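A.B. asks: Here's my sequence, what's the structure:
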Amino acid sequence: MAFAVKYWNGKLLAVPEMFRVIMGGCCRILGRRLNSSMKRSNLGKAGSNVKIGLRTTFQFPGRIALGRNVSIADDVTFSANNADGYCRIGDDVNIDRCCRIDFSGGVEIGSGCTISEKVTIESHSHGYDPRSVPQGMPLVIEENVWIGMGAVVLPQVRRIGSGAVIAAGAVVTREVAVNAIVGGNPAHVIRIQNVE
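C.D. replies: The predicted structure is shown next:
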């Protein structure tokens, strides 16, 4: 009702404006569904109820497998420096907008994970020579991990334990223990959660 009141001012001129707003919303929904369907068809594997946002790009899409109920927001980039990398994402994972996931060394993201907006995950390293051939370094993010907005996971990290929380803006440079809350630059353990 509030929607109609916003555009209806008692004059017939409001009718075309309401029609434009309703049709625009329907077209956006249809466009998102079509976009999601087209991108899903190129992936190596995609479970049911996978939603992929606009302007999300997949390099080597055949090397990417998504579980059920995965939601990937707008402007997410999946990239690799070589065709040997792989990315496996479990069920019920949410990846927010403007994230960058490098799967050159192989990335596995467990079920129930939430990756907030503008997170960067790297899985390759050049060591101390930026012109060297990139070396892949595999990363496993276990189940129910929450990575906060703007966090960076560097390539020397091999595992993030289940139930871990990475604070917004953290720079993760080493493994994260199960149920640990980490933050800072470089990230350090703030506390270990008691989960029963």
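A.B. asks: what about the helices in this structure?
C.D. replies: For the chain, the helices defined by DSSP state H occupy 2-7, 14-42.
A.B. asks: Lowest average confidence across the ones you listed, which one?
C.D. replies: Looking at the helices of the chain, the lowest mean pLDDT belongs to helix 2-7 (a mean of 57).
A.B. asks: so where's this structure shaky on pLDDT?
C.D. replies: 1-20, 23-32, 34-36, 195-196 (pLDDT under 70).
A.B. asks: most centrally placed residue in it?
C.D. replies: In the chain, the centroid-proximal residue (CA atoms, centre = their mean) is Ile95; its distance is 2.6 Å.
A.B. asks: Correct me if wrong: that one contacts Ile115.
C.D. replies: Yes. Counting by CB atoms under 8 Å, Ile95 touches Ile115, with 4.6 Å between them. Any C-beta I mention is one placed from the backbone N, CA and C, and that applies to glycine too.
A.B. asks: you'd agree Ile190 is up against Val176?
C.D. replies: No. Using CB under 8 Å, Ile190 is not in contact with Val176, being 11.2 Å away.
A.B. asks: count of residues packed around Arg191?
C.D. replies: Using other CB atoms under 10 Å, Arg191 has 10 other residues around it.
A.B. asks: ok, for it, nearest residue in space, not its chain neighbours?
C.D. replies: Computed as CB to CB, 6 or more residues apart in numbering, the closest residue to Arg191 that is not its neighbour in sequence is Ile181, at 5.4 Å.
A.B. asks: quick one: the one you found and Ala167 touch, right?
C.D. replies: Yes. In terms of CB under 8 Å, Ile181 counts as a neighbour of Ala167; the distance is 7.1 Å.
A.B. asks: Can you pull the residues that touch both of the two?
C.D. replies: Common neighbours of Ile181 and Ala167, counting by CB atoms under 8 Å, 6 or more residues apart in numbering, are Ile190.
A.B. asks: picking up where we left off before, enumerate every residue touching the residue nearest to the centre of the chain.
C.D. replies: 70-73, 76, 89, 101, 115.
A.B. asks: can you tell me how far it sits from Gly127?
C.D. replies: 29 Å (CB to CB, to the nearest Å).
A.B. asks: And for Pro155?
C.D. replies: 10 Å.
A.B. asks: Which one's more surrounded, those two?
C.D. replies: Pro155 (21 against 9).
A.B. asks: picking up where we left off before, overlap in contacts, Ile190 and Val176.
C.D. replies: Shared contacts of Ile190 and Val176, counting by CB under 8 Å, 6+ apart, come down to Val182.
A.B. asks: higher neighbour count, the two?
C.D. replies: Neighbour count, other CB under 10 Å: between Ile190 and Val176, Val176 has more, with 24 against 13.
A.B. asks: so the more buried one sits right up against Val157, yeah?
C.D. replies: Yes. The pair Val176 / Val157 is scored as a contact, 7.4 Å apart, by CB under 8 Å.
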